[in-house]
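Chemist: after the sequence you'll find the predicted model.
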Amino acid sequence: SGMTSSRPKLALLRLLFLSGSACIVVPNRPFAVIRRVPAALAIIAHETGVAAVGMGAATDDAERWLRRVQQRARGVKCPFWRRRFGDVIDGALTIARFVAARHKSWEIPIDIAQLTAIGTASSSQPKRRGLSMVELQAILYDDLVERQYYVTGRLSSCIYADRCLFDGPDPDMPVRDVQRYSDALRGLFDPSTSRIELIELRQHGDRSFVADWRLEGALQLPWHPAIKPFTGSTLYELNEDGLICSHTETWSISALDAFVSVLLPSWGAAPAASVEQLRHARGLQR
């Protein structure tokens, strides 16, 4: 019957989804090794306490499992492992999306189609499309100055496209997901001792603007190592809906300098001047 004939396709989709060729690098004593998605999923199941579903389980069980893994992964305290778990989930979902797109002639069940879409973190806030540049900059100003999103991860996702591309010198970039970027920031800096200071927020062309800033503080590690104060710029570019679709950082120091100076503060470039001095050099008032 039709029900019977659809089972091989469903089984193949599950097989490709759970045992595809996507790989990640997973630290493993004494060497870092490359593991395929199934092995990595087993690691996630072990680390997060979520039991993996069997190959014969219903697709809605798989969806519930992946959603639970996503939630558990976001709660992992170590920023490195939180990012690694997110990479595994994204890799598995990428395989599923590829299968769905590559074989358009298949009658893919609706639950599989929904499963391939759960990797993008949809904001609980309704999107604010069509805002003027002045309105967008006002929201971003509050995110930077009041909510300190670079330190706390508390950004207004309502002005970002869900698949916004976040890129920069950080080796863990790029990231194409608002929620994962926010989660990464939330676990990186100690919010009690870290701060971002806005130097200038300015329009840059018809559909983009730039924030120049200064960052200082400490990493959210047990010994709270201080980071060298440095400056940077972030370019925000808008899509046709007026949402931020690209968030690109540049730093005044190299990524190597940023990381090494945590252990050797005197290494590399000199710390950035105070925000007052930087504003004064541009002829800006406080």
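Modeler: It's in. Residues are numbered from 1 along each chain as shown.

Chemist: CA only for contacts and neighbour counts going forward, please
Modeler: Fine.

Chemist: what average pLDDT does stretch 129-139 get?
Modeler: Stretch 129-139 carries an average pLDDT of 94.

Chemist: can I get the CA coordinates of it in CSV?
Modeler: The C-alpha coordinates for stretch 129-139 follow below in CSV (Å, rounded to 0.1, in the frame of the first residue of the first chain):
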residue,chain,number,x,y,z
ARG,A,129,10.5,44.9,9.4
GLY,A,130,10.7,48.2,7.5
LEU,A,131,12.1,50.3,10.3
SER,A,132,13.9,53.5,9.3
MET,A,133,17.7,53.7,9.8
VAL,A,134,17.1,56.1,12.7
GLU,A,135,14.8,53.7,14.4
LEU,A,136,17.2,50.7,13.9
GLN,A,137,20.2,52.7,15.2
ALA,A,138,18.2,53.7,18.3
ILE,A,139,17.5,50.0,19.1
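
Chemist: so His224 touches Ser194, yeah?
Modeler: No - using C-alpha atoms under 8 Å as the test, His224 is too far from Ser194 to be in contact (10.4 Å).

Chemist: now the common contact residues for these two.
Modeler: Residues touching both His224 and Ser194 comprise Ala218, with contact defined as C-alpha atoms under 8 Å, 6 or more residues apart in numbering.

Chemist: those two: who's more crowded?
Modeler: Ser194 (19 against 14; other C-alpha atoms under 10 Å).

Chemist: show the pLDDT at that one.
Modeler: pLDDT, Ser194: 95.

Chemist: list the contacts of it.
Modeler: The contact partners of Ser194, by C-alpha under 8 Å, 6+ apart, come to Val151, Leu215, Glu216, Gly217, Ala218.

Chemist: cool, Gln277 as well?
Modeler: Going by C-alpha under 8 Å, 6+ apart, the list of residues near Gln277 is empty.

Chemist: since that was my last question, I'll sign off now.
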